[in-house]
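*Asks:* Predicted coordinates and the sequence they were generated for:
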4 protein chains.
Amino acid sequence: MDVVSFRETTEKYSVIFLDAYGVLKSASGLIDGALETVTSLIDAGKEVFVVTNDSSRSPESMAERYAQQAGGELLPPERYVSSGLLAAEYLDKQIPYGKVAYLGKPESAHYIEIAGKIPVPIADCTVKDHLVAIVLLDDEGFDWFRDVNATLNLIRRMNVPVIVANADITYPMRGNDIAIAVGSLGGLLADITEKTFVRFGKPDSMMFAYAMARAREQLPKVSKRDVLFVGDTLRTDIIGANTYGFDTTLVLSGNILPEQADLMIRTSGIIPTYISDSIAT
Amino acid sequence: MDVVSFRETTEKYSVIFLDAYGVLKSASGLIDGALETVTSLIDAGKEVFVVTNDSSRSPESMAERYAQQAGGELLPPERYVSSGLLAAEYLDKQIPYGKVAYLGKPESAHYIEIAGKIPVPIADCTVKDHLVAIVLLDDEGFDWFRDVNATLNLIRRMNVPVIVANADITYPMRGNDIAIAVGSLGGLLADITEKTFVRFGKPDSMMFAYAMARAREQLPKVSKRDVLFVGDTLRTDIIGANTYGFDTTLVLSGNILPEQADLMIRTSGIIPTYISDSIAT
Amino acid sequence: MDVVSFRETTEKYSVIFLDAYGVLKSASGLIDGALETVTSLIDAGKEVFVVTNDSSRSPESMAERYAQQAGGELLPPERYVSSGLLAAEYLDKQIPYGKVAYLGKPESAHYIEIAGKIPVPIADCTVKDHLVAIVLLDDEGFDWFRDVNATLNLIRRMNVPVIVANADITYPMRGNDIAIAVGSLGGLLADITEKTFVRFGKPDSMMFAYAMARAREQLPKVSKRDVLFVGDTLRTDIIGANTYGFDTTLVLSGNILPEQADLMIRTSGIIPTYISDSIAT
Amino acid sequence: MDVVSFRETTEKYSVIFLDAYGVLKSASGLIDGALETVTSLIDAGKEVFVVTNDSSRSPESMAERYAQQAGGELLPPERYVSSGLLAAEYLDKQIPYGKVAYLGKPESAHYIEIAGKIPVPIADCTVKDHLVAIVLLDDEGFDWFRDVNATLNLIRRMNVPVIVANADITYPMRGNDIAIAVGSLGGLLADITEKTFVRFGKPDSMMFAYAMARAREQLPKVSKRDVLFVGDTLRTDIIGANTYGFDTTLVLSGNILPEQADLMIRTSGIIPTYISDSIAT
């Protein structure tokens, strides 16, 4: 497939959904030119949202961090759609009031708090606690050896829903390293316990439906055909957005290197609508 | 968990979604009392829909078959939501005009026709054909040995989307036998080719979102809280509906026998809102 | 890795194990030069064996087919080590006398007969039969739709060992096509029934141990270091032989094309001792 | 199946292989009566071996710990067959001299040392090191978050064999808790990197072949029929030993509770030759 200019790929769409890691930012900060691109998309009258599997912090905190890196607001908090919001909605609607054990940094507990439940770090839970759910939010903020094992035993002993608020397997680090995301820890625990967890995040369509509902608040008559989804991974972003009904642009500034793109598309069978080097092009 | 009367579980909901196999019908026809229950739900002012992973026939043909078995219309065609409709929508929006190779009976090709594409049975395809997609619709209507192998080689040679229009693994037959559903054939082919297919059907949330959109056409202000989803399998119906945000009733008239229910809930970690023996209770 | 002459790779080994498909033969017959290579290995005093996951026919019948294609005996029957022999040994030692249901052509039943049990094609079995085991031998010789479904229901209803006599996923056909092997059907049935089957064949080490025992009958003092295993697949032949303790030559005359070899070694992490274009080099 | 006295099940066998965890010992020490049983088996002239997936310590260290718990030697070091010995043999024969990165406690590095290679803890490795292999030996002795992530990135960057010296998923802890074994960490890393690792340990047949070769050193004419394998798990011990050709006793003093045994045998399809409450019976 030909690599085309990102700006051109956006022309016929009124809503642009951008993945975060690998599209807007890398492990070292904002991708060069990302700020200018977002500004010019907004200037061109397009509705821009960030759609991310990150549940380690609140949308407010995300907006703040981007503002720091961009030297000014990139997008307001309500334009950040995270899989943590889906988990929060689930906790709100499907789980009774009570203590929710969680794996993650204290700030990830935001998603439990906005659902009106009581967050308790796994390390502070015992089998004597009356828990209403267990939530995996982030891969940091706890001792893996102690707390992943503790989570395993809590899941075995209690029959409460286990919620994985981020379906990602890995995320990028500096210097082309990667790190194991909380979605992988969820997969490990589900395999061992042979239980089925409640999982949120791309490529599941619910994330795209949630983002679409947000876009409709701005543009009530928008349809799936008016949306372009921009992502850096085939198996999370592109297949999910395509299945839901969005056109897609694969950018080569993250997970997939330019020299790998053709091979990975051919071997995976996942075909984006467009390919661009990055959103800065 | 206690087994309760189905009628009671429906009381506080205005929309009732019923799975087909194991809830409304078995391999030998309508489940005893199903017709009476549907009638009385409608009489009580509730909106009733059938939500099924069956893509072997059109909603019109489904309505007709139920009418034959019930001795009169059970529900009109527009109340049947099948995963085939999601596949048809995908073919309509995401696939250019052209030939679509399919596995299934001729009547399953309905979903390709309503998407405005040209259905061609796998047996009639060669690698020289210019195909725009390959769709797995039904486990019957073709020679498994010849045509599953032919599908494998088409998928390996052509880089076109492969769509699995029914995510089910098995379906019930007479006398407690089961049969391998087309979703299993899709899984087999995806494993061998290491490609990612576009899969439609419960437990993916898109099916529930589609059914919800249909319900909103009748009751524009309906919310997820007003919906009860009724199913006979934990890993398809209950976890999917629960994740999407619906309350659920597990009925013990299909996949799960009454004596297995508690163990299966405990080992799977999937907890329905209610359990009933069948919708006739 | 460098591609070297096959003859050179064999120099320091006294026992040569050759995979069948992709090494000795292709879908169209003996690979060019295979006969000359085997003859010259034997002339050089090396012990040559064919080690194959094929359980569709007896070693005698294999020897005969190669003789037809080679215009004279390639190797005597006792030099053919098939996974069917492991299955037969298992049936002999671990299964009581009685009826064994099987999937495969009539000649594959040889392995049940030499174990002193009564072979019955799946199509002729009912749940009323007193079966002692179910064996998957070959992908041909039965109606897939009818008999794979029948096997599924037999496995669900009877608690007898299920034996998969060939672990292969696919095998090569003419014109670069492939066909689904009986190992894949075994995987499908194990996934659906969630039962653990008894599986024989490479990459499991038992196959290599069995071949080694055969070689010791000829050369009692032979050690693993004296053996070279020659195969065309990384995930079946090379990883299995390497884990067992053999040096390995990957030939590029079958499963892996010359231009793919480096990438597949790098992405799989499976590293052969040598690479050669074919055994004819 | 009936539960029978363990002593009776051993009568017709001259070689007894005992799994360690759940058979000989629990998280709190030797299982009651284990010492007496082992003594009486030896007195009855039987050859007794411990066959374990534990690669966290050397056979000498294992023998010492059992001696401490038993108040005197249970079995001499050469009667402990661990999967670490298979990994050591592999490192010895298949890996050139050099640095081997490892995950585990310092004493697990024993298996790298006896293979004549240089053990280096993962935490002390960088991508600049010239490593010849990476070995996963034990789940303790390192910082999971830091070192599992470091292992992931080493595996991605270096094309060297990755060896998992213990195939276990979990192991028992006090009070019915379990802990994640290093085999699970290996599975997690293999899934993420999509590489194939070299795995040692039950249920793979190599472990049983290795134990058999040890038994032959004592009783040269022993055959598989003379061996009884005693284990507490169906999917590791029983299926592996049965496939290899040993008769088996499932004991209910570890992984499987007495009330679960029948259900687990029926659902898994794995059928032991005998069932006993414990080796003390």
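*Replies:* Arrived safely, thanks for sending.
*Asks:* To which secondary structure element is A:Leu85 assigned?
*Replies:* Here A:Leu85, judged by DSSP states H and E, is contained in helix A:83-94.
*Asks:* Show the subsequent helix or strand relative to that helix.
*Replies:* Next along the chain after helix A:83-94, taking DSSP H and E as the criterion, comes strand A:99-103.
*Asks:* mind checking how far that next one is from the chain centre?
*Replies:* Centroid separation for strand A:99-103 versus its chain: 20 Å, with C-alpha atoms, centre = their mean, to the nearest Å.
*Asks:* What average pLDDT does it get?
*Replies:* Taken as a whole, strand A:99-103 has a mean pLDDT of 98.
*Asks:* Identify the neighbouring strands of it in the sheet and state each direction.
*Replies:* Here strand A:99-103 is paired, per DSSP bridges, with strand A:118-121 (parallel), strand A:131-136 (parallel).
*Asks:* For those strands, could you give me CSV that also reports mean neighbour count?
*Replies:* All C-beta atoms are positioned from the backbone trio N, CA, C, and that covers glycine. Shown next, in CSV, are these (neighbours: other C-beta atoms under 10 Å in any protein chain shown):
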stretch, mean neighbour count
strand A:118-121, 17
strand A:131-136, 24
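*Asks:* Now tabulate these in TSV and tack on mean pLDDT.
*Replies:* As requested, the strands paired with strand A:99-103 are exported to TSV (pLDDT from 0 to 100):
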stretch	mean pLDDT
strand A:118-121	98
strand A:131-136	98
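*Asks:* A:Pro220: neighbour count?
*Replies:* By the criterion of other C-beta atoms under 10 Å in any protein chain shown, A:Pro220 has 7 neighbours.
*Asks:* how near is it to A:Ala115?
*Replies:* Separation of A:Pro220 from A:Ala115 (C-beta to C-beta, to the nearest Å): 27 Å.
*Asks:* got the buried residues for the helix holding A:Leu85?
*Replies:* A:83-91, A:94 (16 or more other C-beta atoms under 10 Å in any protein chain shown).
*Asks:* what's the average pLDDT for it?
*Replies:* Helix A:83-94 carries an average pLDDT of 97.
*Asks:* Quick check: closest non-adjacent residue to the residue in the stretch 51-200 of chain A that chain D sits nearest to.
*Replies:* Residue of the stretch 51-200 of chain A nearest chain D, by C-beta to the nearest C-beta: A:Trp144 (3.6 Å). Once flanking residues are discounted, A:Trp144 sits nearest to D:Trp144: 3.6 Å by C-beta to C-beta, 6 or more residues apart in numbering or on different chains.
*Asks:* returning to what we had before: return the residues in contact with the residue of the stretch 51-200 of chain A closest to chain D.
*Replies:* Contacts for A:Trp144 (C-beta atoms under 8 Å, 6 or more residues apart in numbering or on different chains) come out as D:143-145, D:148.
*Asks:* Now the buried members of those.
*Replies:* Buried among the contacts of A:Trp144 (16+ other C-beta under 10 Å): D:144-145, D:148.
*Asks:* quick one: which of the contacts of A:Trp144 is nearest to C:Pro59?
*Replies:* Nearest to C:Pro59 out of the contacts of A:Trp144 is D:Val148 (C-beta to C-beta; 46.7 Å).
*Asks:* Report the secondary structure state of the closest residue to that closest one other than its chain neighbours.
*Replies:* Spatially, and ignoring its direct neighbours in sequence, D:Val148 is nearest to D:Leu185 (6.1 Å; C-beta to C-beta, 6+ apart). Here D:Leu185 is helix, with the state taken from DSSP: H, G, I helix; E, B strand; the rest coil.
*Asks:* What's opposite the nearest residue to A:Ser26 once chain neighbours are set aside in the beta bridge?
*Replies:* Spatial nearest neighbour of A:Ser26, excluding adjacent residues (C-beta to C-beta, 6+ apart): A:Pro172 at 6.4 Å. Bridge pairing for A:Pro172 (DSSP bridges) gives the partners A:Ile178.
*Asks:* ok, A:Pro172 - contacts?
*Replies:* A:21-22, A:26-27, A:178-179, A:254-255 are the contacts of A:Pro172 under C-beta under 8 Å, 6+ apart.
*Asks:* Over to A:Tyr274?
*Replies:* Contact analysis of A:Tyr274 by C-beta under 8 Å, 6+ apart lists A:4, A:9, A:247-250.
*Asks:* change it to 7 Å
*Replies:* For A:Tyr274, the contact set (C-beta atoms under 7 Å, 6 or more residues apart in numbering or on different chains) comprises A:4, A:9, A:249.
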